[in-house]
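Engineer: sequence? don't have it. structure:
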């Protein structure tokens, strides 16, 4: 620890993983720990399971530094979480998240402040929801204040989020189930039958991806259920080898997502990517192929986001030069 | 049999079922039999399995009337079938199907003529394929010659087909994986989690379907992976009850298919539906909601189609008033 005093324990608690960060009063990560105990993989059901997973991950920190404030974000605040923190409406920033937070107290008396998710209700369209991404956005805006004025965040994943930020607030967003659609079609539909291992011929896989992106550019309203059938017919007719079919489908689905999400949304906004590196590389390739070469790629911004949330909740003093 | 002499055994042999029709020289069905022994559910693998399933279904007919010609259509002619009958290109009619047919001979010396599927290669787009639907189209054109000039067939199913006919020939078609997309999303994705039994509240299910169709009309290019997420958010926010979410998704997916498939394709063409009754009713509802009230609904047209194929193959004399 080099004599630096911890000031916060921050938990990024999702569906399939739990990550804990020990942070100092300036928002720097001193130590971090991770486990597979996401909210669907707890040692026992109910609050006792959350408490056991939290103790297993952070018990040593809690022993050594008592009285540290603890904050948590992500699915831990969902209806299936430790305690439900109902969605905060748009526009939302770290201050509004803090105002809508809920608290649990463990058996050893530790208070854990849980961040809410965010709800978007665009007029005339279906509502949309996020949990966890709002914390990453809060962190990104701390690290890159220039994104606060007007930006569009692309957060690829099982359920990709495209998030519009104005004046430091999330003003709206859209979820695309692209990753899950790809997974269920590859694993559970007829399209998986002709697919063989892409690693067997990486060059072909890359060409297949590019062909999928090219086909996405021909898409018209409502035709996805037709377009995806090409992942079978191009294989049946030998136009695309089996080892490239999975990447073809990936290129087609990611291409359609990017085209749809950028339709009218990106004008004048700074574009930023947050997510897993390999997946971000795929999206970056599509953005470049579609003429959107200028974007900022960020790493995991959850720790500064959780720190910001803790400051807004009054658990920590704002550090010097902390943007408000 | 009332003394009428059989002239043909016709087999409609798909993935999950086998149906046999004993027909007279005028193309009337005298008897029919069915089994679950589709090509993926045979008593043993390989040609012996096809022969065993055929004998089990038609053995009594073959014993009683030797020398009857036998024809078969559907997946039985695929690469996983009894013998592969390579796809015939568009434009395709029964005569061209007959010219591209392949034959198998059973151990007891029965000859079975297998119809090919059809391949569409639209310029600048992915190829498309069908197996079985071309036989149904041939049958529909026998029963309703007025459809020959210019028509658009909608054949809903796991993989819906939209088939353009001009001057008695299939000139092009598109497959939509709508049924399979609905099934994998309901069963294997997050969207299934909030869905409860539609039968519990049929009125709500109907309203959910209508809401899905309405949302389909808002669709823009590439946004399906986003739109389907509404089948979760409308449930999460209580706007659509769990018992109506499955029908909402069904309405959304079928609505998008119909809008996409009719885009520019229906001008001046007669519209005809062929398929399973309950599914046709759903599609008919969507067609009416979208202002396409005029269409012909047909039952199973495979028997006259197989008969027409047999006549064109020279296995039977054309009956009086048989359209050529």
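Structural biologist: Yep, it's here. What you see is a predicted model; the values in this text were computed from it and never measured.
Engineer: roughly how far apart are residue A:162 and residue A:263?
Structural biologist: 11 Å (Cβ to Cβ, to the nearest Å). For the C-beta atoms, the positions are set from N, CA and C on the backbone; glycine is no exception.
Engineer: Of the two, which one has the most company?
Structural biologist: residue A:162 (24 against 12; other Cβ atoms under 10 Å in any protein chain shown).
Engineer: And for the residue nearest to residue A:289 when sequence neighbours are not counted, the neighbour number?
Structural biologist: Leaving out its chain neighbours, the residue that sits closest to residue A:289 by Cβ to Cβ, 6 or more residues apart in numbering or on different chains is residue A:213, at 5.4 Å. Here the count is done by other Cβ under 10 Å, and residue A:213 has 24 residues near it.
Engineer: Using the three-state scheme, assign residue A:213.
Structural biologist: Under DSSP: H, G, I helix; E, B strand; the rest coil, residue A:213 falls in the helix class.
Engineer: residue contacts, the residue located most distally from the centre of chain A?
Structural biologist: Distance from the C-alpha centroid of chain A peaks at residue A:237, with 38.1 Å (Cα atoms, centre = their mean). Going by Cβ atoms under 8 Å, 6 or more residues apart in numbering or on different chains, residue A:237 touches B:119, B:127, B:129.
Engineer: so what's the second one scoring on pLDDT?
Structural biologist: Here the pLDDT value assigned to residue B:127 is 97.
Engineer: tell me the contacts of residue A:134?
Structural biologist: Listed by Cβ under 8 Å, 6+ apart, the contact partners of residue A:134 are A:73, A:88, A:92, A:97, A:115, A:117, A:118, A:170, A:305.
Engineer: is it true that it lies in a helix?
Structural biologist: Yes. Using three-state DSSP, the assignment for residue A:134 is a helix.
Engineer: Can you give me the distance of it to chain B?
Structural biologist: Distance of residue A:134 to chain B, computed by Cβ to the nearest Cβ, to the nearest Å: 16 Å.
Engineer: got any ranges where the stretch 151-300 of chain A has weak pLDDT?
Structural biologist: A:266 (pLDDT under 70).
Engineer: What residue, apart from its backbone neighbours, is nearest the residue nearest to the spatial centre of chain A spatially?
Structural biologist: Centroid check for chain A by Cα atoms, centre = their mean gives residue A:133 as the closest residue, at 4.7 Å. Computed as Cβ to Cβ, 6+ apart, the closest residue to residue A:133 that is not its neighbour in sequence is residue A:161, at 4.9 Å.
Engineer: Write out the residues of the stretch 1-150 of chain A neighbouring chain B.
Structural biologist: Residues of the stretch 1-150 of chain A lying close to chain B (Cβ under 8 Å from any Cβ of the partner chain) are A:119, A:124, A:125, A:126, A:127, A:128, A:129.
Engineer: Quick check, the residue in the stretch 1-150 of chain A closest to chain B?
Structural biologist: residue A:126 (3.5 Å; Cβ to the nearest Cβ).
Engineer: Can you report how many residues neighbour that residue?
Structural biologist: 25.
Engineer: Might one say that it is in contact with residue B:233?
Structural biologist: Yes. Counting by Cβ atoms under 8 Å, residue B:233 is a contact partner of residue A:126 at 5.5 Å.
Engineer: which one is residue A:286 nearest to, not counting chain neighbours?
Structural biologist: Residue A:286 sits nearest to residue A:258 (Cβ to Cβ, 6+ apart), 4.9 Å away.
Engineer: Look at the one you found and say how many residues are nearby.
Structural biologist: Residues near residue A:258, counting by other Cβ under 10 Å, number 25.
Engineer: now do residue A:71
Structural biologist: 29.
Engineer: Please identify the helix or strand for it.
Structural biologist: strand A:70-73 (DSSP states H and E).
Engineer: average pLDDT across that strand?
Structural biologist: 98.
Engineer: what helices or strands is it leaning on?
Structural biologist: Contact here means 3 or more Cβ pairs under 8 Å, 6 or more residues apart in numbering or on different chains; DSSP states H and E; on that basis strand A:70-73 packs against strand A:6-13, strand A:111-114, helix A:302-312.
Engineer: Burial-wise, tell me which of those comes out on top.
Structural biologist: Across those, the average number of neighbours (mean count of other Cβ atoms under 10 Å in any protein chain shown) peaks for helix A:302-312, which reaches a mean of 26.
Engineer: Show me what that one is packed up against.
Structural biologist: So helix A:302-312, by 3+ Cβ pairs under 8 Å, 6+ apart, packs with strand A:6-13, strand A:18-24, strand A:70-73, helix A:94-99, helix A:133-143.
Engineer: Let me have these in JSON lines, extended by distance to residue B:300.
Structural biologist: Shown next, in JSON lines, are those (distance: least, Cβ to Cβ, whole Å):
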{"stretch": "strand A:6-13", "distance to residue B:300": "55"}
{"stretch": "strand A:18-24", "distance to residue B:300": "56"}
{"stretch": "strand A:70-73", "distance to residue B:300": "57"}
{"stretch": "helix A:94-99", "distance to residue B:300": "59"}
{"stretch": "helix A:133-143", "distance to residue B:300": "50"}
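Engineer: Pull the contacting residues for residue A:258.
Structural biologist: Contacts of residue A:258 by Cβ under 8 Å, 6+ apart are A:216, A:283, A:286, A:287, A:290, A:292.
Engineer: Against residue A:76, how distant is the residue lying closest to residue A:78 once chain neighbours are set aside?
Structural biologist: Distance criterion Cβ to Cβ, 6+ apart; nearest residue to residue A:78, sequence neighbours excluded, is residue A:131 at 5.7 Å. Distance of residue A:131 to residue A:76, given as Cβ to Cβ: 9 Å.
Engineer: Hmm, residue B:185 and residue A:184 touching each other?
Structural biologist: Yes. Taking contacts as Cβ under 8 Å, residue A:184 lies within contact range of residue B:185: 6.6 Å.
Engineer: Of these two, which one has the most company?
Structural biologist: residue B:185 (25 against 22).
Engineer: If we ignore the residues flanking it in sequence, what's nearest that one?
Structural biologist: Spatial nearest neighbour of residue B:185, excluding adjacent residues (Cβ to Cβ, 6+ apart): residue B:191 at 5.1 Å.
Engineer: What is the neighbour count of that neighbour?
Structural biologist: By other Cβ under 10 Å, 25 other residues sit near residue B:191.
Engineer: Likewise for residue A:44?
Structural biologist: For residue A:44, the count of nearby residues is 11 (other Cβ under 10 Å).
Engineer: hang on, it in a helix?
Structural biologist: No. Read with three-state DSSP, residue A:44 is coil and lies in no helix.
Engineer: Sketch out the low-pLDDT regions of the stretch 1-150 of chain A for me.
Structural biologist: Within the stretch 1-150 of chain A, the stretches with pLDDT under 70 are A:1-3.
Engineer: which residues of the stretch 201-324 of chain A fall in helices?
Structural biologist: For the stretch 201-324 of chain A, the helices defined by DSSP state H, counting those that start in this stretch cover A:202-216, A:224-227, A:230-236, A:242-262, A:277-289, A:302-312.
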